[in-house]
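Novice: I would like to see how this sequence folds:
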Amino acid sequence: MKKQTIRIYLSGLLVVAGVMTSVAQSSTLPLPFGEALQLMKANHPALKQSAHYIREKEAEKAIRRGLYLPQVSMSATAVSMSDPLHLDLTPVRDAILPLYNTLGNYGVFSGVPNPDPATHAVLPVLPDNLSTAAVRQQLLQGAGKVAQGEWNQMIQEKTFAMVNAGVNMPLYTGGKIAGANKAAALEIEMSKEELRNVEGELLTELVTRYYGLSLGQQAREVRQQMAHAMSKHQQDAQKFFSEGMMARVEWLNAAVAQADAERELKQAQRNLDILQQALSATLALEQSDSIVPLTPLFINKQLPDAGYFIQKALECNPKLNQLEGKSQLVDLKHTISKGEYLPSAALFGTYTLADYQKSVYLPDWTVGVGLKWTLFEGFSRNNEMKKTQEMKAQVVEAREKAHQDIATYIFKLRQELSIQLEQIADLDQTLELATEYCTSTEKAFAQGMSTSTAVVDAHTKIAQVKLMRLKLFYDYDSTLAKLLQTAGIPEQFPDYYTGENTIIESLN
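Specialist: Have a look, this model is predicted:
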């Protein structure tokens, strides 16, 4: 029987020693909460993704701002046609040449001015015979020129090429470009609110895991205290049993309590390893370092009422701000839809930089103003405006529901904090009584006036109260983080774990 007892005792010492050796050999990283927060902001992929999304929206805004500027382009065209282009005016020649010949031979004319300066003063107008002869001569000369002229002209060779520069600048678009730029600016603000939302969610996650690790380490310490107390009690029980001062069942109870305490200590260490990995993942750190939270669990002496946090949420909650931005986007979309009824005007121009066999009849440059006005498009514009009106109504309803849900959730969280503070105050008194009871029970056991079961129960009660108290501190911190996140002010969390309004948790 004594050998079995010794084996149980030694196994307990080995478990405790193994746990302590494992902790001592691993590299530790002492980390205040503020530094943990900075690490998370610098390393977490979700925050980097949100930052990239903001830069994407900024680039998109720059793209839309470019719609105000002229578009300059170059184009090259090479054409080969089946036949060259000709302008054949031979029928015109054939039509007017008989008229020239007829009038040149048979026409009678008068009133021709005298071309001779010497006789012009005396005879300003030629006689009819001379006038007829002069006009007929000119008509016959003209007939010769008409007959000899090239009436079949080459307009464009069958193969030609051109290199042109072009410019196009919008002058008026019915507000579509201005609306697109305003929408881009709103989308940037909404992307920034999304970043704030992600930061708030991650801060809550960090609080949960950072203080969860702190809770796990202190829970392990409670389990170590329990294991140490049960080991000492088992030694006392073994001594009394060996001296015949204790029944075997009492000694067995002490041995079982010691084994249970060692098992729970081992389980606490396993849980601590899980919490370490979870916090390392949030901080995007390597898993080799053992993080030691330096900022302890805490509660506050006083907190603002729910109305304060609800008002903050209406002003700062990123999801509400995103809904407000979405409402403004819908308004812009509705305005742009109205602009579809208006005409669009643009300035355009082209200039030929180089050419090959281009027609001489084509200009080297052109400048103009174009106007486009869609008068009928199958009622799509009217239906688009109806669509935006319904979208706006949806946003209004969603925003109203979000206001109600957030106000209700904030009230719930604030009530939970009050309940947790009350329970902590009650447990403080319970812990004081349980400690006093445990001391009295151990004294009575040493004098043979109490049982091993009573001692084990007294120590178990102390451990339970300490763990419950630690859990309430942890619940308070994580609930506070959720409250500040919902109120849209998660960055104020460090203000609550420092200062005179803060009560630090301690196992002492």
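
Novice: number of nearby residues for Thr486?
Specialist: Using other CB atoms under 10 Å, Thr486 is surrounded by 24 other residues. All C-beta spots, glycine's among them, are computed from the backbone N, C-alpha and C.

Novice: list the contacts of it.
Specialist: 309, 313, 317, 406, 409-410, 413 (CB atoms under 8 Å, 6 or more residues apart in numbering).

Novice: ok, Ala76 next?
Specialist: 161-164.

Novice: helix, strand or coil: sort out the nearest residue in space to Ser506 that is not next to it in sequence for me.
Specialist: Ranked by CB to CB, 6 or more residues apart in numbering and with sequence neighbours excluded, the top spatial neighbour of Ser506 is Pro296, at 7.3 Å. Under DSSP: H, G, I helix; E, B strand; the rest coil, the three-state class of Pro296 is coil.

Novice: right, and Pro296 touches Ile504 too?
Specialist: Yes - contact between Pro296 and Ile504 holds when scored by CB atoms under 8 Å: they sit 5.0 Å apart.

Novice: between the two, which is the more surrounded one?
Specialist: Ranked by neighbour count (other CB under 10 Å), Pro296 and Ile504 place Pro296 first, with 16 against 12.

Novice: list the contacts for that one?
Specialist: Pro296 touches 214, 504-506, counting by CB under 8 Å, 6+ apart.

Novice: and the contacts of Thr486, which two are furthest apart?
Specialist: Distances among the contacts of Thr486 were taken as CB to CB; the most separated pair is Asn317 and Leu413, at 13.3 Å.

Novice: neighbours of Pro32, how many?
Specialist: Pro32 has 14 neighbours, counted by other CB under 10 Å.

Novice: then the one 10 residues further on?
Specialist: By the criterion of other CB under 10 Å, Ala42 has 11 neighbours.

Novice: any low-confidence regions in the protein?
Specialist: Along the chain, segments meeting pLDDT under 70 span 1-26, 287-288, 507-508.

Novice: show me the domain layout of it.
Specialist: The chain breaks down into these domains under automatic domain parsing: 26-66+174-504, 90-150.

Novice: what's the most buried one of the ones you listed?
Specialist: Of all the domains of the chain, domain 26-66+174-504 carries the top mean neighbour count, a mean of 17, counting by mean count of other CB atoms under 10 Å.

Novice: now do the strands in the stretch 251-400 of the chain.
Specialist: Along the stretch 251-400 of the chain, the segments classed as strands by DSSP state E, counting those that start in this stretch run 290-293, 298-300, 344-356, 365-372.

Novice: ok, the chain next?
Specialist: 28-31, 71-80, 85-88, 152-156, 159-172, 290-293, 298-300, 344-356, 365-372, 502-504 (DSSP state E).

Novice: closest one to Leu484 among these?
Specialist: With CB to CB, the closest approach to Leu484 among the strands of the chain belongs to strand 298-300: 11.9 Å.

Novice: pairing partners for the closest one, with directions?
Specialist: Partners of strand 298-300 in the sheet, by DSSP bridges, are strand 502-504 (antiparallel).

Novice: one step back: now render the domains of the chain as CSV, adding distance to Asn168.
Specialist: Formatted as CSV, the domains of the chain follow (distance: least, CB to CB, whole Å):
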stretch, distance to Asn168
domain 26-66+174-504, 5
domain 90-150, 40
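
Novice: right, and those domains - which one's nearest Gln156?
Specialist: For these, distance to Gln156 was read as CB to CB. The smallest value, 4.1 Å, belongs to domain 26-66+174-504.

Novice: contacts only, for Arg136.
Specialist: Shown in contact with Arg136 (CB under 8 Å, 6+ apart): 103-105, 107, 109.

Novice: try 10 Å this time
Specialist: When contacts are counted by CB atoms under 10 Å, 6 or more residues apart in numbering, Arg136 touches 103-109.

Novice: show me which of the residues you listed is closest to Gln224.
Specialist: Distance to Gln224 across the contacts of Arg136 (CB to CB) is lowest for Leu103, with 132.3 Å.

Novice: ok, the closest one touching Gln137?
Specialist: No - if you go by CB atoms under 10 Å, Leu103 and Gln137 don't touch, sitting 11.4 Å apart.

Novice: tell me the contacts of Trp151?
Specialist: By CB under 10 Å, 6+ apart, Trp151 lies in contact with 87-94.

Novice: list the contacts of Ala184.
Specialist: Contacts of Ala184 (CB under 10 Å, 6+ apart): 57-65.

Novice: ignore what I typed, I meant His86.
Specialist: Counting by CB under 10 Å, 6+ apart, His86 makes contact with 152-156.

Novice: cutoff 8 Å now
Specialist: Applying CB under 8 Å, 6+ apart to His86 gives the contacts 152-155.

Novice: could you dump those into JSON lines and include distance to Gln328 and neighbour count?
Specialist: Output for those, formatted as JSON lines (distance: CB to CB, whole Å; neighbours: other CB atoms under 10 Å):
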{"residue": "Asn152", "distance to Gln328": "68", "neighbour count": "10"}
{"residue": "Gln153", "distance to Gln328": "63", "neighbour count": "11"}
{"residue": "Met154", "distance to Gln328": "62", "neighbour count": "13"}
{"residue": "Ile155", "distance to Gln328": "58", "neighbour count": "12"}
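
Novice: reformat the residues you listed as TSV; add distance to Ile424.
Specialist: TSV is the format used below for the contacts of His86 (distance: CB to CB, whole Å):
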residue	distance to Ile424
Asn152	109
Gln153	104
Met154	102
Ile155	98
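
Novice: kindly export stretch 248-264 (C-alpha atoms) in CSV.
Specialist: This file holds the C-alpha atoms of stretch 248-264, laid out as CSV (Å, rounded to 0.1, in the frame of the first residue of the first chain):
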residue,chain,number,x,y,z
ARG,A,248,-8.3,4.0,4.7
VAL,A,249,-11.2,5.6,2.9
GLU,A,250,-10.1,9.1,4.0
TRP,A,251,-6.6,8.4,2.8
LEU,A,252,-8.0,7.2,-0.5
ASN,A,253,-10.0,10.4,-0.8
ALA,A,254,-6.9,12.4,-0.4
ALA,A,255,-5.1,10.4,-3.0
VAL,A,256,-7.9,10.8,-5.5
ALA,A,257,-8.1,14.5,-4.9
GLN,A,258,-4.3,14.7,-5.6
ALA,A,259,-4.7,12.8,-8.8
ASP,A,260,-7.7,15.0,-9.9
ALA,A,261,-5.7,18.2,-9.2
GLU,A,262,-2.7,16.9,-11.3
ARG,A,263,-5.1,16.0,-14.1
GLU,A,264,-6.7,19.4,-14.1
